[in-house]
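[1] Sequence first, predicted coordinates after that:
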Amino acid sequence: MDTGKLSETASAETSSTETAVGDQPPRRAGAATDRQEGTGPDRRPRDQARLIFASFMMLFVELALIRWVTANNVYVTRATNFVLLASFLGIGIGFLNARTGRDYLRWTPLALLALVSFVLTFPVILASLSGPHPLQGLRGAPALPQPVSLGILFLLITAVMAGLGQAVARIFILFQPLSAYRLDIIGSIAGIAVFSLLSFMDLPPAGWGVIAGAGLVVLLAPRIRWWQLVAIGGAVTLLILESAAPNQQWSPYNKLSVQQSGGKTPALYVSANNVPYQAARSLAVMHVQKPFYFYPYRHVTRSSLHNVLVIGAGTGNDVAVALSEGAQHVDAVEIDPLLPKIGAAHPNHPYQNPRLTVHIADGREYLQNTHKKYNLIVFALPDSLSALAGQSALRLESYLLTEQSVAAAKSRLAPGGTFAMYNYYAPFLFSRYATTIEQAFHRTPCAEVGPPLGGRRLSVLTIRPAGPVPNCTAYWRGAAVAPATDNHPFPYLPNATLPGSYLLMLGLILLGSALLVRVAGGSFSRMRGYLDLAFMGAAFMLLETKNVVQFALLFGATWFVNALVFAGVLVAVYLAVETARWVRLPRPAVLYAALIAALALAWLVPQESLLDLPMAARFLAASALAFAPVYLANLVFAQRFSGVDTSNTAFAANLLGAMVGGTLEYIALITGYHFLLILIGVLYGLAFVTGRRLQRA
């Protein structure tokens, strides 16, 4: 499988700390200006360390929750930025209460214990791909209804992040604005770095829990109570027990559970994030039970298979078949580093074969960068079941299944080469991929259809650019369905529309969030003077999303690329903060004009043109187009925040605006991602107009 969104190591969650640069602390009674509050940028090193650490904790816990909750609840897998939106809401509420008598941090240990207990007691598991009740809970019990499960999760995540947000806000307001943001960004970068390191080490939730628990103890010290220690210890203990579950491993992308059966039909069964995923079977068993693995080899000769490329190698079925069919050399591409390791126990041991080379990489990225030619290229069941965390509906294999990707595969075929792809497809998906192949190769593919499974049907599509497919008994004759493209990489979406279930979910989230802000954060009138900051937050969230998906296309949808993107965003923010601290900025109209010009340039440069560049030039061009608007946007933030009266309220308005931006991401399901640049420009235009009106008022 080509598995591997946020993957969770880095995602739009970093916006919670970097989107509002230059925020001003609220004025105290008798203070002449905001800059007189506190002792300025040279406050005690202890306070600086506290702010860095609190920011680190807030981002680290947010990343861990996105990664962990998604792995245990199938509902959340289908609502990809659900945890992110709850986190934004909680942090916003925490900042609104930076100076109130409400102490949300005090209750954070209990909220964390309740969240961990609920997720582990009421998981949502896809027990089977067919049947009347495919979703189950613990030990075969019925799963909670989706609205109940998601509703409780949303409240608990919000509660946890509200306490952590308040911990940051209370220290944040002690500093002058740009100094505070400088320290906040340093803490955020540290959060990304540490979580990325843990992902690289394949550390299970016990590691995340120990760090989060210890950090919470530090934030509560020196007034920590015994019951808070008990709650923290309970949450960490539950995570340790989960991590000690037998036959379970955590990769940077998936919680992988492995079961091995022996006897006459040995197999290795793997589930990912509570979903049945792969079954590594012997060649003899596959000949009887899964003959589709051998279908592409009906159309080639053994003597022609000098080089074979398998994208989505997984635990080894596809490469075992390729080797058994006479391939002289096989390149196996797999994005999840643990799957080939698990595949070492495959009954036929393909990963020990000297004719095999393993590449841990994104499938689309490998196609773009390799210069080898192949006699056979196979897209082998590329369905990761995973999304880029926090990024609308983009899945890890989405860019592998676009029209441009199939064209790239065609360009990597040797003379007389063959391309094949297979999976269990829904009817519209089968027609979509057949149409995609037909448009890329200008020939009708050979179509071999097998038995159904849960509303899907096993299908193999084979094509040969040099002529008709040899030994083909049936060609595709269905109705054309528009292919997925690099701009609209949503192959699993039947039409370019926003599904009703998404609209309902997003509407309920926004309605519930408004109620929670009113109850737990106070009157909305407090944020009325910062409406322009809310527009900025929404725009920046979309800008960040656009950058993430663009880098996923150009360099692969891997956790490492995501981490680099968000680290790059934070570095751009840091540079904007330093610029605002030491340089006199031009008037707002000039900064906004420069920002709109940078967005226009990103719109005019086709992203597919960057794919043709060498790697170094591609990286430089992509970074310039992506991070120039980020830098300019944060100069706008810095200038605006230099004049606010209450920094915590202004920052909360920005965060809640970013939350709205998180819901606007789903417009890409209709328009494609390129259109987001127009929406970003409109939102910044509204921020400019609103800011001028507020200034005059």
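    On my side now, so go ahead.

[2] just the helices in the stretch 301-450 of the chain please.
    317-324, 338-342, 363-369, 403-411, 427-441 (DSSP state H, counting those that start in this stretch).

[3] now for the ones you listed, which one comes closest to residue 494?
    The minimum distance between residue 494 and the helices of the stretch 301-450 of the chain falls on helix 427-441, with 5.1 Å, by Cβ to Cβ. The way it works is simple: take the backbone N, C-alpha and C, and place the C-beta from them, glycine included.

[4] what ranges do the helices span in the stretch 151-300 of the chain?
    In the stretch 151-300 of the chain, helices defined by DSSP H, counting those that start in this stretch lie at 177-200, 205-220, 226-243, 283-289, listed in chain order.

[5] Of the ones you listed, give the one that comes closest to residue 659.
    The nearest among those, by Cβ to Cβ, is helix 177-200 at 17.6 Å.

[6] Quick check: mean pLDDT of that closest one?
    For helix 177-200, mean pLDDT is 89.

[7] Against residue 287, how distant is the nearest residue to residue 294 once chain neighbours are set aside?
    The shortest distance from residue 294 to any non-neighbouring residue, by Cβ to Cβ, 6 or more residues apart in numbering, is to residue 321 (6.1 Å). Residue 321 is 9 Å from residue 287, where distance means Cβ to Cβ, to the nearest Å.

[8] More neighbours: which of the two?
    Neighbour count, other Cβ atoms under 10 Å: between residue 321 and residue 287, residue 321 has more, with 26 against 14.

[9] That one contacts residue 293, correct?
    Yes. Taking contacts as Cβ atoms under 8 Å, residue 321 lies within contact range of residue 293: 4.6 Å.

[10] any shared contact partners between these two?
    Here residue 321 and residue 293 have residue 286 as joint contacts, going by Cβ atoms under 8 Å, 6 or more residues apart in numbering.

[11] Which residues are in contact with the residue nearest to residue 294?
    Contacts of residue 321 (Cβ under 8 Å, 6+ apart): 283, 286, 293-294, 297.

[12] quick one on the thing from earlier: any chance of the helices of the stretch 301-450 of the chain in a markdown table, plus mean pLDDT?
    Listed next are those as a markdown table, based on pLDDT from 0 to 100:
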| stretch | mean pLDDT |
| --- | --- |
| helix 317-324 | 96 |
| helix 338-342 | 94 |
| helix 363-369 | 94 |
| helix 403-411 | 96 |
| helix 427-441 | 94 |
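
[13] Could you save these as TSV and add columns showing distance to residue 586?
    Conversion of the helices of the stretch 301-450 of the chain to TSV gives the following (distance: least, Cβ to Cβ, whole Å):
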stretch	distance to residue 586
helix 317-324	58
helix 338-342	51
helix 363-369	40
helix 403-411	40
helix 427-441	48
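
[14] Any idea which of those gets closest to residue 250?
    Short answer: helix 338-342, nearest of the helices of the stretch 301-450 of the chain by Cβ to Cβ, at 8.2 Å.

[15] packing partners for that closest one?
    Where contact means 3 or more Cβ pairs under 8 Å, 6 or more residues apart in numbering; DSSP states H and E, helix 338-342 is packed against strand 255-261, strand 267-272.

[16] Work out for me the element residue 595 sits within.
    helix 588-604 (DSSP states H and E).

[17] quick one, helices of the stretch 451-600 of the chain?
    Along the stretch 451-600 of the chain, counting by DSSP H, counting those that start in this stretch, helices occupy 500-521, 531-555, 559-582, 588-604.

[18] what does the first one rub up against?
    When you say that, I think you mean helix 500-521. 79, 82, 85, 89, 92-93, 96-97, 102, 104, 147, 150-151, 154, 158, 162, 524, 652, 656, 659-660, 663, 666, 669.
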